[in-house]
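Engineer: model this:
(one chain, ligands or ions: 1)
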Amino acid sequence: MAEKKKIILTGDRPTGKLHIGHYAGSLKHRVELQNSGEYDKIFIMIADAQALTDNADNPAKIRQSIMEVALDYLSIGIDPSKSTIFVQSHVSELTELSFYYMNLVTVSRLQRNPTVKAEIQMRNFETSIPVGFYTYPISQAADITAFEATTVPVGEDQAPMLEQTREIVHKFNAVYGETLTEPNILLPDNRACLRLPGTDGKAKMSKSLGNCIYLSDTEEDVRKKVMSMFTDPDHIRVQDPGKLEGNTVFTYLDAFSKTEHFAQYLPEYANLDELKEHYKRGGLGDVKAKKFLNSVMQEELAPIRARRAEYEKKIDQVYEILKSGSETAKQTAAKTLDKVKHAMRIDYFHDPAFLAEQKQRFE
Ligand code: TRP
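Structural biologist: Okay, the predicted model is just below:
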């Protein structure tokens, strides 16, 4: 038998521009995976239908954000000749698959999903949870399985979705016969990247908290945000010993700095460990650490900003990338939907046995 193809499916909800939390947690990793050449196919989905599950009253926001997210993808280096970028709502097969998968999942199982639980709390839904929102883990299983994805590079918060998907795959295959592919989550290796805090030190970077650095921020925006970042509140005078735990500047340095950056921007230190030691001992001021972080961030973000500026001048081309990507995605998902219906034996009009069977019954 031919070796199983390695296929990536991943995506983001278009509810605004993407920020460096998304970038560290998953986007940067996707570009590396794309450029590794190890994957046979890569699908990157703008999950507008999922975004609508908790934004039903604001389709305008989703509509605008589709282009923002597409520009973010292209500017970080997602290459449309290597990866298919597409829009979820254009692939109606995904909705159809979800409907069949819903029969394989219990309400109590959905209620136990920790990500959904946390999101319900964050949005103050309490008892007014939209049914669509509640079932989005099932629709996410449809997204993943429709492309026969083996690998799903996402942030750590998506782990419960992958678990749910794997359960649906097992159940489907057990009930209807071996059909669906079991996916694996792929997390970035760098621990600091897994959960990048907001610039204010709060656990999550989020638009509503106003603690984000966006991929599309100007150089000056980034500088201001870095220079006002949360550090160790007890590190008052330069000579005081400083704490690294919960110190956002050092978490960001863990996520983004490389040893080469020291030679270039801060040659008095050989590497991050030396800088950390000095901070802990006392004698290293926050401003110096922040200036270094700013240089590191600017180096990372400058090429992204430049590519974005180029694509902003070619919105027609971005539109075509999304449109043709969505068509390719639709064709792929349709093949899986056919397999699913065949396995469930509901492919009546493609199955010549159906008519013969029925005729025989009524003879
Ligand atoms: N839930 C993801 C997010 O909030 C978006 C998403 C939808 C997704 N379907 C997916 C991610 C399938 C990976 C695979 O960003």
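Engineer: and the protein, which residues reach the ligand?
Structural biologist: Listed as neighbours of the ligand in the chain under the rule C-beta under 6 Å from any ligand atom: 9-13, 47, 50, 140, 143-144, 152, 154, 158. Where you see a C-beta, it was placed from the backbone N, CA and C, and this is true even at glycine.
Engineer: Name the member of those that has the highest neighbour count.
Structural biologist: residue 144 (32 neighbours; other C-beta atoms under 10 Å).
Engineer: How about the contacts made by that one?
Structural biologist: Applying C-beta atoms under 8 Å, 6 or more residues apart in numbering to residue 144 gives the contacts 9, 152, 162, 165, 183.
Engineer: Regarding stretch 254-267, how distant is the last residue from the first?
Structural biologist: The stretch stretch 254-267 measures 18 Å between its terminal residues, going by C-alpha to C-alpha, to the nearest Å.
Engineer: repeat for stretch 119-132
Structural biologist: The separation between the terminal residues of stretch 119-132, taken as C-alpha to C-alpha, is 14 Å.
Engineer: List the buried residues in that stretch.
Structural biologist: Neighbour-count burial for stretch 119-132, with 16 or more other C-beta atoms under 10 Å as criterion, is recorded at 119-120.
Engineer: Tell me where the model's unsure across the chain.
Structural biologist: 1-2 (pLDDT under 70).
Engineer: do that again at 90, thanks
Structural biologist: For the chain, applying pLDDT under 90 flags the ranges 1-4, 111, 115-129, 155-157, 188-195, 203-204, 206-208.
Engineer: For residue 96, list the residues it contacts.
Structural biologist: Residues touching residue 96, when contacts are defined by C-beta under 8 Å, 6+ apart, comprise residue 337.
Engineer: quick one: secondary structure of it?
Structural biologist: Residue 96 falls in the helix class when you classify it by DSSP: H, G, I helix; E, B strand; the rest coil.
Engineer: State the distance from it to the ligand.
Structural biologist: To the ligand, residue 96 is 16 Å away according to C-beta to the nearest ligand atom, to the nearest Å.
Engineer: now swap in residue 242 and tell me
Structural biologist: From residue 242 over to the ligand the distance is 34 Å, taken as C-beta to the nearest ligand atom.
Engineer: which element is that residue on?
Structural biologist: No secondary structure element spans residue 242, as it lies outside all helices and strands (assigned by DSSP states H and E).
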